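Participant: Build the 3D model from these lines:
(chains A and B)
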Amino acid sequence: MNALASLRLLLGYRGREGMVAWAFHRISGVGIFAFVVLHVIDIYLVGGNPAAYDELLAFYASVPGRFLEVVLGAALLYHALNGLRIILIDLWPSMATYHRQLWWASWIIFVAVGVPGMIIILRPLWNPGPGL
Amino acid sequence: MLVDLRILRFDPERDEKPHWDTYSVESGPMDRVLDLLHQVKWEEDGTLTFRRSCAHGVCGSDAMLINGRNRLACKVRVDQLGRRVSVAPLPGMRVIKDLVVDMEPFFDQYKSVKPFLVNEEPEPERERLQSPKERARYDDTTKCILCAACTTACPSFWAQPSFVGPAAIVNAHRFIFDSRDHASEERLEILADEDGVWRCRTIFNCTDACPRGIHITQAILEVSNAVVERRG
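Facilitator: Predicted coordinates for the structure are as follows:
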């Protein structure tokens, strides 16, 4: 079966928490990989093109840049928490019975850690420090 | 209750690709999806083709995609689905006609894990005894009816049809953990292959689809752990 047909099945099937958890894991994983590539490029610019590096840093500190940072933080946090959920189930298969509860528990931690993190990242937008 | 029943139809002799046909059918309070399919076939369109045998959730013939999830048509009550019901063949399988899919590759995968007792010791005079605890170890996976609802609900199987699939692993589990069986090593070797247990991504669609309530993902992970322990 080709990738397109497989994707069509994926979008048509009404999977529950386990499938949504897996889909988010994949999407966040691809997003994190894209950031790692970007990060390799920006670090290269330090020596390769310092002016472009400064411009990129200014973008990171801008309003859209900070919102993208929040998205990156959310992807990292979700991927890490769901990864722990998968490790727990992998090592102790009897935990599979509680996979839904574990997923919802990971969302509680996601909000508890993610919201303060988001505030810290976005705070300079309404309370600029001396460096901004 | 009047129900709009959409069925994904395909006749290889007439159609180039599958298309949806909609039928308005009257559903009684206790009717199942299978009853609606019977109504269409017996009263409206005799060419509608689907498999069914016992019609009571035991034979596993009538697994299909019902309102986006793999279910047995004989076990899903229409009043739990609402007035719009859609029925399509099992996903990821070659369609022979209408709701009938080619099950041969599924059964080939099933056979590949040696789903039978292997014990070369001389036959005892009576049964080969085991304790209730030994029997309980694999009780859950004895319930499989080979309907293919689990395997065809698995995104890993859709992406890689050579994946042996949840149903075959469940049936391997049934013998791997049977104290009377002597071929666990062989089965674990088969399932340690790239198309074996490692393709499971713990998505749980299989567990959700199983009409017998088998804890399929848990069984797959128990087999994965057995593969690891064997290597360790």
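
Participant: Need the residue closest to the centroid of chain A.
Facilitator: With the centre of chain A defined as its mean C-alpha position, the nearest residue by C-alpha atoms, centre = their mean is A:Ala75, 0.8 Å away.

Participant: Poorly predicted segments of chain A, please.
Facilitator: For chain A, the stretches with pLDDT under 70 are A:1, A:129-132.

Participant: run the last query once more with 90
Facilitator: Of all residues in chain A, those with pLDDT under 90 make up the ranges A:1-7, A:124-132.

Participant: hang on, isn't A:Ile109 packed against A:Leu81?
Facilitator: Yes. With contacts counted by C-beta atoms under 8 Å, A:Ile109 reaches A:Leu81, the gap being 5.8 Å. C-beta: built from backbone N, CA, C; applies to glycine.

Participant: which parts of chain A sit against chain B?
Facilitator: Residues of chain A found near chain B, taking C-beta under 8 Å from any C-beta of the partner chain as the criterion, are A:1, A:3, A:5-6, A:9-10, A:12-19, A:22, A:86, A:89-91, A:93-94, A:96-97, A:99.

Participant: and chain B, what are its domains?
Facilitator: By the assignment in automatic domain parsing, chain B contains the domains B:2-101, B:104-231.

Participant: starting at the chain centroid, how far to the last one?
Facilitator: A distance of 13 Å separates the centroid of the chain from that of domain B:104-231, by C-alpha atoms, centre = their mean, to the nearest Å.

Participant: Show the average pLDDT along that domain.
Facilitator: When pLDDT is averaged along domain B:104-231, the result is 96.

Participant: Next, the distance between the ends of that domain.
Facilitator: Using C-alpha to C-alpha, to the nearest Å, the span of domain B:104-231 from its first residue to its last is 32 Å.

Participant: For the closest residue in space to A:Phe67 that isn't next to it in sequence, grab phi and psi.
Facilitator: Ranked by C-beta to C-beta, 6 or more residues apart in numbering or on different chains and with sequence neighbours excluded, the top spatial neighbour of A:Phe67 is A:Leu122, at 7.8 Å. Here is the backbone geometry of A:Leu122 (degrees, to the nearest 10): phi -90, psi -10.

Participant: mind listing what A:Val20 touches?
Facilitator: The contact partners of A:Val20, by C-beta atoms under 8 Å, 6 or more residues apart in numbering or on different chains, come to none.

Participant: what's the most buried one of the domains of chain B?
Facilitator: For the domains of chain B, average neighbour numbers computed from mean count of other C-beta atoms under 10 Å in any protein chain shown are highest in domain B:104-231, which has a mean of 19.

Participant: Can you verify B:Leu65 is assigned to a strand?
Facilitator: Yes. Under the criterion used here (DSSP: H, G, I helix; E, B strand; the rest coil), B:Leu65 sits inside a strand.

Participant: For residue 5, pull up the helix or strand it's in.
Facilitator: Answering for chain A, as no chain was given. Assignment of secondary structure by DSSP states H and E places A:Ala5 within helix A:3-12.

Participant: Actually, chain B is the one I wanted.
Facilitator: Assessed by DSSP H and E, B:Leu5 sits inside strand B:2-9.

Participant: which residues touch the helix or strand following that strand?
Facilitator: Remark: after strand B:2-9, the chain's next helix or strand is strand B:19-26, criterion DSSP H and E. Under the contact criterion C-beta under 8 Å, 6+ apart, strand B:19-26 has outside partners B:1-10, B:36, B:39-40, B:44-45, B:86.

Participant: for stretch B:54-68, same thing?
Facilitator: By C-beta under 8 Å, 6+ apart, the list of residues contacting stretch B:54-68 from outside reads A:12-14, B:33-34, B:50-53, B:70-76, B:81, B:85-91, B:99, B:145-149, B:152, B:211.

Participant: Residue of chain A closest to chain B, please.
Facilitator: A:Gly18 (2.8 Å; C-beta to the nearest C-beta).

Participant: pull the longest helix from chain B.
Facilitator: As assigned by DSSP state H, the longest helix anywhere in chain B is helix B:216-231.

Participant: interface residues of chain B facing chain A?
Facilitator: Near chain A, the residues belonging to chain B are B:65, B:67-69, B:91-92, B:153, B:155, B:158-159, B:161, B:201-205, B:207-208, B:215, B:217-219, B:221-222, B:224-225 when assessed by C-beta under 8 Å from any C-beta.

Participant: Apply 7 Å and report the result again.
Facilitator: When proximity is defined by C-beta under 7 Å from any C-beta of the partner chain, chain B lies next to chain A at B:68-69, B:91-92, B:153, B:155, B:158-159, B:161, B:201-205, B:208, B:215, B:217-218, B:221-222, B:225.

Participant: From those, which land in strands?
Facilitator: Secondary structure from DSSP state E places B:Arg69 of the residues of chain B next to chain A in strands.
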